[in-house]
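Colleague: Here you go, sequence then predicted model.
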Amino acid sequence: MLDWLRSLFRQGSFAGVKSRLGRWLLTLGFLGFLTVPVFGWVQYRQVQSLERLTTQSFSNFEWDVFKLELRLMSLRLALLQALTQPQAPLALAKASNEYNLFAAQVLLIDKGVSRQAMDDQPVFQNVLAQSLAFLQQADPILEEMGAPLEPRALQSIFDQTGGLSVNIYHLIQQAHDLRSLRSVALIRSVGRINYYFAALSSVVVLLGAGWVLFALRDFKLLAQRRQELDALYSKADFNASHDFLTGLANRRLLYEQLKHAMASSRRHGHCGALIVLDLDHFKPVNDTYGHLAGDRLLVEAARRMKQCVRDVDTVARVGGDEFVVLLAHIDGPKEQVLDVAGVIALKLLHALAEPYPVQAAAPQTNQQEVHHVCTISMGVSLFYKDSLTVDQVMLAADAAMYRAKRLGGNRVELAD
Amino acid sequence: MTTVGWRLFLMRLGVLGAMALSAGVHADTLKKPVGAVILTVSGNIGNKNSARGAEFDAAMIDAMPVSSITTATPWRKGVVTFAGPALKSLLRLVAAQGQTLKMSALDKYEVAVPVTDAEQFNPVLARKMNGVPLRIRDQGPLFMVYPFDTQPALRTDVYYGRSIWHLTQIVVE
């Protein structure tokens, strides 16, 4: 896995991407793909926060103010009882107790941490100030039991609690509204984060697409280069096994084909023939008309030889004016094979005995076209299932060819 | 047994007797409250001073050895020092035997506290906050506080809930 990653970033791996910017984009795109799990995590967090938001619950401050309202209601009830039953000592004690609990709740809000949520709200400051003022006023009468009872003072305290109760009720409403407003704001901000991430993920997708495109281009280029290399190789292979001038096989290919043909003849029992040809009177062409004319003559001779044999047969140029025709596969018994080889040899003899048009390179000849007759001497050697070597077959054909040459040329000799 | 051995044995007997005697004296020394009763401990206790159980007025509570806890709480801004008798010394004083303490407050708040909390966390029944006596409006007269700052494991709703204020009654069960 790690090696694969490294190979992605290795020099020349993106052979198609030449520019530094392209490489950077590729790297960024890849890193972008790695961040995909982050989106999953963000989604999870969003679900969590939305769950938290949609769960109905009081904030700490709301609880505290709610309790304050309850305490105040208890206090008002106790005060009412004390007012209606001035003779009962327990009623006043109860009122005092409730009053102290109310005071404790006020101070809990005043000194506690929960008020931070509402500190900047005028309603809260209002209620706080009103409550503290109320405490200051009521303390001498209600904090300790046993203070002399003043029905009028008690009445005024009771009246004040009414206004306070209404204000505390407003405060509860305000705290609730504020909390839901904040929830809505939070939901909206979560939604905005969603948009950011949508934009970000589309960028990642674009980068990824770019990465894929670059990779495809890379593959295409690689395939193209492979093809070019193959073509180059086959061309070099052809050049190594063929004659440059005539395009015929060279000695190397001929030997290979001959070896193959002989092995095949041994295995399958068919016959083959090797014809060695040499042009008679070729040297004077070069000397009289120049090397270019000689080369043209050789090319024309090669063309004629090719026309005389089948496609499967091999025509090779093994020396300056020395050619070899390999008839790898001839059907029939040995005597018939000899006839076939003789027919082809005669065909070659006639085809090549035709005069060659030669253009003189020398200026004084005035570009006149002349014809040159260039006959051939041939030696034919057959191979049929016998254990001769390639060299022996070649030597036999060679010897027959030289014999034909000694006998005056323009003829075919069969090897012994 | 040698003479010395006998003597040692007698001495040990004497020490045991003294210990038994002191325990008995201790039981007898739980005075009757003079002022207003601010705390009543009842239930399975060995040391009582009235039919309802062990009653304490403010002076009796203040006479007990004072320990203190300095901690931040959810109910007050900043760090506050609470001082008062430790819960475990109160339980020892009334010879409490049981698993659970049912505590209730002036405002009818009730909570059950395991007796093991007293030894494990050593909460304090605060009488004073920053040196100022707690009035009812300051969560008095008794405010049980755990050492939240020194033991972070206590900062949960369970122990915040067990930190009862306006404490007036403990029933040992």
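Modeller: Thanks, I have it.

Colleague: Convert the helix or strand containing residue B:60 to CSV, retaining C-alpha atoms only.
Modeller: Assessed by DSSP states H and E, residue B:60 sits inside helix B:58-63. Taking C-alpha atoms only, helix B:58-63 is exported to CSV below (Å, rounded to 0.1, in the frame of the first residue of the first chain):
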residue,chain,number,x,y,z
ALA,B,58,-26.2,26.3,66.7
ALA,B,59,-23.9,26.4,69.7
MET,B,60,-23.5,22.6,69.9
ILE,B,61,-22.6,22.5,66.2
ASP,B,62,-20.1,25.3,66.6
ALA,B,63,-18.5,23.5,69.5
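
Colleague: Residues of chain A that sit close to chain B?
Modeller: Proximity of chain A to chain B, by Cβ under 8 Å from any Cβ of the partner chain, involves residues A:71, A:97, A:100-101, A:103-104, A:106-108, A:111-113, A:135. C-beta coordinates here come from the backbone N, C-alpha and C atoms, glycine included.

Colleague: From the rest of the structure, what touches the helix holding residue B:60?
Modeller: B:31, B:33-36, B:38-39, B:84-85, B:125, B:127, B:141-142 (Cβ atoms under 8 Å, 6 or more residues apart in numbering or on different chains).

Colleague: For stretch A:85-92, measure first residue to last.
Modeller: Stretch A:85-92 has an end-to-end distance of 9 Å (criterion: Cα to Cα, to the nearest Å).

Colleague: and it, average pLDDT?
Modeller: What stretch A:85-92 shows for mean pLDDT is 81.

Colleague: returning to what we had before: only whichever of the contacts of helix B:58-63 are buried, select them in PyMOL.
Modeller: A single PyMOL command selects the buried members of these (16 or more other Cβ atoms under 10 Å in any protein chain shown):
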select buried, chain B and resi 33+38+39+84+85+125+127+141+142
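
Colleague: what does the domain assignment say about chain B?
Modeller: According to automatic domain parsing, chain B comprises the domains B:1-30, B:32-172.

Colleague: hey, which of those is tucked in deepest?
Modeller: domain B:32-172 (a mean of 17; mean count of other Cβ atoms under 10 Å in any protein chain shown).

Colleague: Tell me which other helices or strands the longest helix along chain A touches.
Modeller: Identified as the longest helix of chain A according to DSSP state H is helix A:151-241. Judged by 3 or more Cβ pairs under 8 Å, 6 or more residues apart in numbering or on different chains; DSSP states H and E, helix A:151-241 is in contact with helix A:20-34, helix A:36-54, helix A:60-84, helix A:122-142, helix A:251-268.

Colleague: Please repeat the previous calculation with a cut-off of 6 Å.
Modeller: The contact analysis (3 or more Cβ pairs under 6 Å, 6 or more residues apart in numbering or on different chains; DSSP states H and E) places helix A:151-241 against helix A:20-34, helix A:36-54, helix A:60-84, helix A:122-142.

Colleague: Can you show me the strands along chain B?
Modeller: Taking DSSP state E as the test, the strands found in chain B are B:37-43, B:54-57, B:67-73, B:76-84, B:100-105, B:110-114, B:124-126, B:128-129, B:132-133, B:143-145, B:167-172.

Colleague: Quick one: closest of those to residue A:341.
Modeller: Judged by Cβ to Cβ, the one of these that comes nearest to residue A:341 is strand B:67-73, at 117.2 Å.

Colleague: The nearest residue to residue A:254 once chain neighbours are set aside is in what secondary structure piece?
Modeller: Leaving aside its chain neighbours, residue A:254 sits nearest to residue A:316 (3.8 Å; criterion: Cβ to Cβ, 6 or more residues apart in numbering or on different chains). For residue A:316, the host element (DSSP H and E) is strand A:314-317.

Colleague: and that strand, C-alpha only, in CSV?
Modeller: Written as CSV, here are the backbone C-alpha positions of strand A:314-317 (Å, rounded to 0.1, in the frame of the first residue of the first chain):
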residue,chain,number,x,y,z
THR,A,314,12.8,-17.1,-49.2
VAL,A,315,15.0,-15.1,-51.5
ALA,A,316,18.2,-13.9,-49.9
ARG,A,317,21.1,-11.8,-50.9
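
Colleague: now that strand, how far from the centre of its chain.
Modeller: Taking Cα atoms, centre = their mean, to the nearest Å, one finds strand A:314-317 lying 50 Å from the centre of the chain it belongs to.

Colleague: And the contacts of the next helix or strand along the chain from it?
Modeller: Scanning forward in sequence from strand A:314-317 by DSSP H and E, the next helix or strand is strand A:322-330. Residues from elsewhere that reach strand A:322-330 (Cβ atoms under 6 Å, 6 or more residues apart in numbering or on different chains): A:254, A:257-258, A:261, A:270-278, A:309, A:313-318, A:337, A:340.

Colleague: Report pLDDT for the nearest residue to residue B:76 once chain neighbours are set aside.
Modeller: Spatially, and ignoring its direct neighbours in sequence, residue B:76 is nearest to residue A:111 (5.7 Å; Cβ to Cβ, 6+ apart). As predicted, residue A:111 sits at a pLDDT of 89.

Colleague: Save the helices and strands packed on helix A:151-241 as a markdown table, and put in mean neighbour count too.
Modeller: As requested, the helices and strands packed on helix A:151-241 are arranged in a markdown table below (neighbours: other Cβ atoms under 10 Å in any protein chain shown):
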| stretch | mean neighbour count |
| --- | --- |
| helix A:20-34 | 14 |
| helix A:36-54 | 12 |
| helix A:60-84 | 19 |
| helix A:122-142 | 16 |
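
Colleague: Redo those as JSON lines? Include distance to residue A:162.
Modeller: Below are the helices and strands packed on helix A:151-241 laid out as JSON lines (distance: least, Cβ to Cβ, whole Å):
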{"stretch": "helix A:20-34", "distance to residue A:162": "65"}
{"stretch": "helix A:36-54", "distance to residue A:162": "36"}
{"stretch": "helix A:60-84", "distance to residue A:162": "8"}
{"stretch": "helix A:122-142", "distance to residue A:162": "11"}
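
Colleague: Centre of the chain to stretch B:39-48, how far?
Modeller: 11 Å.

Colleague: what is the mean pLDDT for it?
Modeller: 93.

Colleague: Please work out which residue of the stretch 201-350 of chain A is closest to chain B.
Modeller: Residue of the stretch 201-350 of chain A nearest chain B, by Cβ to the nearest Cβ: residue A:201 (39.4 Å).

Colleague: What is the neighbour count of that residue?
Modeller: Neighbour count for residue A:201, taken as other Cβ atoms under 10 Å in any protein chain shown: 15.

Colleague: so where's the stretch 1-150 of chain A uncertain?
Modeller: A:1, A:4-18, A:53-56, A:146-149 (pLDDT under 70).

Colleague: Please repeat the previous calculation with a cut-off of 90.
Modeller: Counting by pLDDT under 90, the ranges of the stretch 1-150 of chain A that qualify are A:1-60, A:82-94, A:96, A:111-120, A:137-150.

Colleague: Identify the residues contacting the strand holding residue A:316?
Modeller: Outside strand A:314-317, the residues that reach it (Cβ under 6 Å, 6+ apart) are A:243, A:246, A:248-249, A:254, A:257, A:305-306, A:323-326.

Colleague: one step back: nearest approach to residue A:24 belongs to which of the domains of chain B?
Modeller: Counting by Cβ to Cβ, residue A:24 lies closest to domain B:32-172 out of these; the figure is 47.9 Å.

Colleague: What is the end-to-end distance of stretch B:66-83?
Modeller: OK, stretch B:66-83 end separation, Cα to Cα: 6 Å.
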